[in-house]
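J.: Build me a model:
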Amino acid sequence: QVQLAESGGGLVQAGGSLRLSCAASGRTFSSYSMAWFRQAPGKEREFVAAISWGGARTDYADSVKGRFTISRDNAKNTVYLQMNSLKPEDTAVYSCAATSVNFSRLVALYNYWGQGTQVTVSS
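T.: You can find the predicted model right below:
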């Protein structure tokens, strides 16, 4: 079992930056691929970024490519999402998730979820 807890959300002006963190419990964190998803009011949850268990492979949604960076520190059981050049359309609740299979964009493949952290970008 893995328990996930996000932090780092907040209110930022357009063009600003935020760094989200997701702390995981459990000794097997390094065996899980991790991802960030987001959900805006009235919209479905959408994929943002994913990283393989060792950190060698990453994947990004087109909407965030070049602005967001996912990374992980297995020694600290933490995955990060550095968000730069934020836009009002990035406003959402951001959640991290873990999967024991190969990393994916599919919500259904993720076994464990955090409760989310709110990111609000003002124009």
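J.: Quickly list what the residue nearest the centre of the chain is bridged to.
T.: Nearest to the mean C-alpha position of the chain, by CA atoms, centre = their mean, lies W36 at 2.3 Å. Judged by DSSP bridges, the bridge partners of W36 are A49, C96.
J.: Show the model's pLDDT score for it.
T.: In this model, W36 is scored at 98, pLDDT.
J.: check contacts around it.
T.: Contact analysis of W36 by CB atoms under 8 Å, 6 or more residues apart in numbering lists 20, 22, 48-50, 70, 79, 81, 94-97. The C-beta positions use only the backbone N, C-alpha and C, and glycine is treated the same way.
J.: can you redo these as a markdown table with neighbour count?
T.: Below are these laid out as a markdown table (neighbours: other CB atoms under 10 Å):
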| residue | neighbour count |
| --- | --- |
| L20 | 23 |
| C22 | 26 |
| V48 | 25 |
| A49 | 26 |
| A50 | 25 |
| I70 | 23 |
| V79 | 30 |
| L81 | 27 |
| Y94 | 24 |
| S95 | 23 |
| C96 | 30 |
| A97 | 24 |
